[in-house]
Structures are given as C-alpha cells and as structure tokens.
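Engineer: I need the structure of the sequence given here:
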Amino acid sequence: MLTVPAVSFSQTESRAVQPRAIISGGILGGEAEPGYAYQFSAGLAFGRCFAGVGVGYDDYNLRSIPLFTDLRVSVGRKQSVFFYGNAGHNFSRENGVEPSGPILKDDYFGGFYYDFGLGYRMPISRVHKVLFSAGYTMKHMRREEVIAGFCPLGNCFDPTINYNYKLGRIIFRMSWEIN
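Structural biologist: Below is the predicted model:
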C-alpha cells in the first residue's frame, strides 16, 4: 500500500510537460552554391511530441531570417528517431542597389518558408542530446525593381519588374537539444 503512491507519481512525471531548446547548424544544397543555416527553437515537449517557435539565419543564395513554428514527433521505443516540420515567414536580409541611373527602386521581400525531414537523437546525458537530421526546405522571396521609363511627354508610368524566387534545397543539420 505504501509503494502505490510512489509508483504512480513516478509514472506521471515522465509524461509531464517539459521545456526544451534546440540549437542547430546545417548545410544547404541545391542548384546554387551551398549555403549555411542556423536555427534556435524553444518550446514544450509532452511525451513523444514537441511544439515550439524558432528563428534562424539562412544564407543560401539570398540571405534571410526565417521565423517559424517547430513541430516534432518521436517514434520507436527509445524515441531516437523523429520527424520534424517547420513552417513560417521568411524575412529578407538582402539590400537592393542604391537608386541610380535608370533604376529607381530595387527592394527584396520575404515570403513563405517551410522545412521538413527525418532525424536521429543521440543522448549525451539525461539533459543534453545531439541530433542529426536531413530534410527538404523551401523559401519564397520576391524582388521588385522599378526602372525609369522613357517619357518625352511627362506623365508616364515607370515599369516595374518582379522576380519571384522559390528556392528548394536539401539540408543536413546537426543540433544540440537541451531539456
């Protein structure tokens, strides 16, 4: 009778909500030169699931800062294998050229960002784990360029050129998880 409360309390503690932080660094590869990605996410873990928010830096082709939600689900008996998915907005860090000559405006804008894949969690201690993952990531960006049009009469419009970038890449990432 005396051991029943101790056993029941020890079982519920393993299922409790726990804070977790993940720091990541990875290599991005696609059609352009390889780039680097760094991320930090923090959230809450419950059982096999994790939900959090994160921010990162992505320098593949066009520099950007993704702000995203991070969802992970562990599988298997030891919960070593996990699936992850991130989705959010990508903020541009590119600077357009200074307006000069025929170029009146040159601006970059962010867009939708997502990242999903599969990983492996390797425990170092009870609190620290090293994660290895591979996945696919996509970032959308837009460039708007306004060029001075030839207008001998005066009140003419300036042509605008829009470039839409959809940059799909493969990512290999190493992370440090603290919980």
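Engineer: Does residue 138 touch residue 111 like I think?
Structural biologist: No. The pair residue 138 / residue 111 is not scored as a contact, 9.8 Å apart, by Cβ atoms under 8 Å. Glycine gets a C-beta too; all of them are placed from N, C-alpha and C.
Engineer: List of residues touching stretch 69-79?
Structural biologist: Applying Cβ atoms under 8 Å, 6 or more residues apart in numbering, the external contacts of stretch 69-79 come out as 22, 41, 43, 48-54, 80-88, 121.
Engineer: no wait, stretch 40-59
Structural biologist: Taking contacts as Cβ under 8 Å, 6+ apart, the residues outside stretch 40-59 that touch it are 15-24, 28, 35-39, 63-75, 79, 86, 90, 93, 139, 179.
Engineer: how far is it from where the chain is centred?
Structural biologist: A distance of 9 Å separates the centroid of the chain from that of stretch 40-59, by Cα atoms, centre = their mean, to the nearest Å.
Engineer: I'd like the mean pLDDT over it, please.
Structural biologist: The predicted model assigns stretch 40-59 a mean pLDDT of 96.
Engineer: And that stretch, what's buried?
Structural biologist: The neighbour-count check on stretch 40-59 (16 or more other Cβ atoms under 10 Å) flags 40, 41, 43, 45, 50, 52, 54, 56, 58 as buried.
Engineer: Same question for stretch 124-132.
Structural biologist: Within stretch 124-132, the residues scored as buried using 16+ other Cβ under 10 Å are 129, 131.
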